[in-house]
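Asks: Model the structure of this input:
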Amino acid sequence: MNRVLILLYGILSYAVAMGGLVFFILFVGGWSFFPFHIDSGDPGPLAVALAVNTGLMIVLFLQHSVMARPAFKDAWTKLIPPAAERSTYVLLSGLVFVLISLCWQGIAGTLWQVDSQLARALLTTIQLLGWGLVVTSSLVINHFELFGLQQVYFYFAGKQVPSPRFTDRFLYKIVRHPLQLGVLIGIWSTATMTMTHLMLSIALTLYIFIGLHFEEKDLVATLGHDYKNYQRQVRMILPIPRRVSPAK
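Replies: Predicted structure coming up:
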């Protein structure tokens, strides 16, 4: 019964996580068919907007980065079944993305606005490619493990969860973190960059690079020399080839 409940919990967590991510993508994109988006509300007092939006990003950082650290996982899995750890993480991630979308405060002003229909269509295409890169990257590294379904299924089936393994195929041959690159493309490729959107884009960009700093440390600690060599050969975010000196 315990295994069934954890499996159902993992499926529910996956649904919430994916729903929250899709809701956030629609919120940021400002699509005409989606009435509730980042610029649909009226701007309020600047001080209130800065305080609320900063608080939301702190919540994202605490949930998304702190919960991903090995020390937190070790402590957390003393309170919940280890098989449900990743599902709990993605469940809360989905809820946080919904919270940000619902509570993000508007700020008056526009940094840029592109009026050319061709240019707007091009930017929309780039934005969609960015979010597509996020999905594709998750599939390459094991989408179901990333979102916790593999862990709860293996627990349900009484199988041993495979140890973390190094992946450098397809997109990961040209950039170490294509998923985060996709997010950056998705949030910055917009025909209308309001100050509301700008604050979210800047905050998420800072969060991504801070998060990657800690993630890279964890990857080196887990994968050792293989990942250090990978760092030497492939850039973190920008897919620009590196000149690799011959190993001595």
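Asks: This structure: strands as residue ranges?
Replies: 110-113, 192-194 (DSSP state E).
Asks: which one of the ones you listed is the most hemmed in?
Replies: Highest mean neighbour count among the strands of the chain (mean count of other C-beta atoms under 10 Å): strand 192-194, with a mean of 18. The C-beta positions use only the backbone N, C-alpha and C, and glycine is treated the same way.
Asks: picking that back up, for the strands of the chain, which one sits closest to Phe24?
Replies: strand 192-194 (16.8 Å; C-beta to C-beta).
Asks: Check the offset of the closest one from the chain's centre.
Replies: Here strand 192-194 is found 22 Å from its chain centre; the criterion is C-alpha atoms, centre = their mean, to the nearest Å.
Asks: What helices and strands are in contact with it?
Replies: strand 110-113 (3 or more C-beta pairs under 8 Å, 6 or more residues apart in numbering; DSSP states H and E).
Asks: Adjacent strands (with direction) for the strand it packs on?
Replies: Note on strand 110-113: by DSSP bridges, its sheet partners are strand 192-194 (antiparallel).
Asks: pLDDT of the partner strand, averaged?
Replies: For strand 192-194, mean pLDDT is 95.
Asks: And the contacts of that strand?
Replies: Applying C-beta atoms under 8 Å, 6 or more residues apart in numbering, the external contacts of strand 192-194 come out as Gly30, Ile38, Asp39, Gly106, Ile107, Gly109, Thr110, Leu111, Trp112, Gln113, Val114, Ser201.
Asks: hang on, the earlier thing: out of the strands of the chain, the one nearest Asn142 is which?
Replies: Taking C-beta to C-beta, strand 192-194 is the member of these nearest to Asn142, at 34.5 Å.
Asks: Quick one, grab the pLDDT at Ala75.
Replies: Looking at Ala75, the pLDDT reads 89.
Asks: How far away from the center of its chain is stretch 34-48?
Replies: Mean C-alpha position of stretch 34-48 versus that of the full chain (C-alpha atoms, centre = their mean) differs by 23 Å.
Asks: Dump that stretch to PDB, restricted to CA.
Replies: Taking C-alpha atoms only, stretch 34-48 is exported to PDB below (Å, rounded to 0.1, in the frame of the first residue of the first chain):
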ATOM      1  CA  PHE A  34      -4.000  33.500 -22.800                       C
ATOM      2  CA  PRO A  35      -5.700  36.500 -21.100                       C
ATOM      3  CA  PHE A  36      -3.600  36.200 -17.900                       C
ATOM      4  CA  HIS A  37       0.000  37.100 -18.600                       C
ATOM      5  CA  ILE A  38       2.900  39.100 -17.300                       C
ATOM      6  CA  ASP A  39       1.600  42.400 -18.700                       C
ATOM      7  CA  SER A  40      -2.100  41.900 -18.300                       C
ATOM      8  CA  GLY A  41      -2.300  43.700 -14.900                       C
ATOM      9  CA  ASP A  42      -2.100  47.400 -14.100                       C
ATOM     10  CA  PRO A  43       1.200  48.600 -12.500                       C
ATOM     11  CA  GLY A  44       1.000  49.600  -8.900                       C
ATOM     12  CA  PRO A  45       3.300  51.400  -6.500                       C
ATOM     13  CA  LEU A  46       7.000  50.700  -7.400                       C
ATOM     14  CA  ALA A  47       8.100  50.000  -3.800                       C
ATOM     15  CA  VAL A  48       5.400  47.400  -3.400                       C
END
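Asks: Buried residues of it, list them for me.
Replies: Neighbour-count burial for stretch 34-48, with 16 or more other C-beta atoms under 10 Å as criterion, is recorded at His37, Ile38, Asp39.
Asks: what's that stretch in contact with?
Replies: Against stretch 34-48 from outside (C-beta under 8 Å, 6+ apart): 26-31, 49, 101, 104-108, 192, 194, 196-197, 200.
Asks: Mind checking which of those are in helices?
Replies: Counting by DSSP state H, the part of the contacts of stretch 34-48 found in helices is Leu26, Phe27, Val28, Gly29, Ala49, Ser101, Thr196, His197, Leu200.
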